[in-house]
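Asker: how does the following fold in three dimensions:
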Amino acid sequence: MSLTIYGAAASRAFRVYWAAEELGLPYEHVAWKFGGPEIKSAEYRAINPNATIPAIVDDGFPLFESLAITLYLARKAGKLWPADLRGEALTYQWTLWGATEVEGPLGQWAYHTMLLPEADRKPPIAEEAARKLPVKLDVLEGALAGRQWLAADAFTIADLNLAAVLFRAPAFGLARWPRVADWHSRCYARPAAQRAVALRNAKP
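Answerer: Here you go, the predicted model:
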């Protein structure tokens with residue numbers, strides 16, 4: 001497999017790097033940043049016409065959207081994939097739930113509390129996001145009652161995808177959701193997660 005991953009690890013590309021590390025896939029790391037001139041080039045637009053990161057080229061096959069990429073890599077590698085149809089359905093469920101229900105408010109909260117320059121932060125946006133997030137985390141807390149992982153009896157790509165979406169959840173605070181906190185910490189204790197976090201934290 002010849003795999004190239006485009007995107008700085010301190011972006012949604014983090015999910016792809018984590019998946020590649022978990023799956024033991026060798027890859028070329030092209031650390032282009034969102035908004036950089038490289039991703040606006042005709043060459044890159046042929047890979048991702050949205051001119052966004054991340055994207056991959058796998059043996060000549062281009063693919064964009066971070067969570068679609070992680071699902072593809074796991075399915076192709078035959079690892080981290082549930083063994084039955086119900087587990088597969090749960091993988092899609094939690095991946096899509098993360099993208100549609102949690103990523104937006106968590107991102108808004110993070111940007112307007114700590115990521116944007118202070119002069120650009122809008123407290124009302126952060127406050128509204130902080131009102132929405134507990135309801136979502138309640139859903140996940142309930143789903144983890146009586147089980148360790150989301151889609152099978154072991155860690156799968158479903159856990160990776162949602163834990164990656166929830167990268168900043170500990171900064172929001174998870175004391176009210178002990179099952180979520182335990183699950184999140186177990187996901188990030190994995191050696192592959194640690195390697196991906198180190199890549200994310202590395203200075204350019």
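Asker: assign the spatially most central residue of the chain to helix, strand or coil.
Answerer: Residue closest to the mean C-alpha point of the chain, counted by Cα atoms, centre = their mean, is A164 at 3.2 Å. Under DSSP: H, G, I helix; E, B strand; the rest coil, A164 falls in the helix class.
Asker: cool, and V57?
Answerer: strand.
Asker: before we move on, back to that, quick one: the residue nearest to the centre of the chain and F14 touch, right?
Answerer: Yes: with contact defined as Cβ atoms under 8 Å, A164 reaches F14; the gap is 6.2 Å. Heads up, the C-betas are built off the backbone N, CA and C, glycines and all.
Asker: helices of this protein, start to end?
Answerer: Assigned by DSSP state H, the helices in the chain fall at 13-23, 42-45, 66-77, 85-97, 103-110, 123-143, 157-165, 169-172, 178-188, 191-201.
Asker: turn these into JSON lines, including mean pLDDT.
Answerer: Shown next, in JSON lines, are those (pLDDT from 0 to 100):
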{"stretch": "helix 13-23", "mean pLDDT": "98"}
{"stretch": "helix 42-45", "mean pLDDT": "96"}
{"stretch": "helix 66-77", "mean pLDDT": "98"}
{"stretch": "helix 85-97", "mean pLDDT": "98"}
{"stretch": "helix 103-110", "mean pLDDT": "98"}
{"stretch": "helix 123-143", "mean pLDDT": "98"}
{"stretch": "helix 157-165", "mean pLDDT": "98"}
{"stretch": "helix 169-172", "mean pLDDT": "98"}
{"stretch": "helix 178-188", "mean pLDDT": "98"}
{"stretch": "helix 191-201", "mean pLDDT": "97"}
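Asker: to G36, which of these lies closest?
Answerer: helix 42-45 (9.7 Å; Cβ to Cβ).
Asker: how about that closest one: buried residues?
Answerer: Y44 (16 or more other Cβ atoms under 10 Å).
Asker: just the residues contacting that helix, thanks.
Answerer: Residues from elsewhere that reach helix 42-45 (Cβ atoms under 8 Å, 6 or more residues apart in numbering): 6, 32, 38, 51, 55.
Asker: tabulate these (a markdown table), appending pLDDT and distance to H112.
Answerer: Output for the contacts of helix 42-45, formatted as a markdown table (pLDDT from 0 to 100; distance: Cβ to Cβ, whole Å):
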| residue | pLDDT | distance to H112 |
| --- | --- | --- |
| Y6 | 98 | 28 |
| W32 | 93 | 26 |
| E38 | 93 | 28 |
| A51 | 96 | 25 |
| A55 | 98 | 28 |
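Asker: go through the helices of the chain and pick out the most buried.
Answerer: helix 157-165 (a mean of 27; mean count of other Cβ atoms under 10 Å).
Asker: same for it, what does it pack against?
Answerer: helix 13-23, helix 66-77, helix 85-97, helix 178-188 (3 or more Cβ pairs under 8 Å, 6 or more residues apart in numbering; DSSP states H and E).
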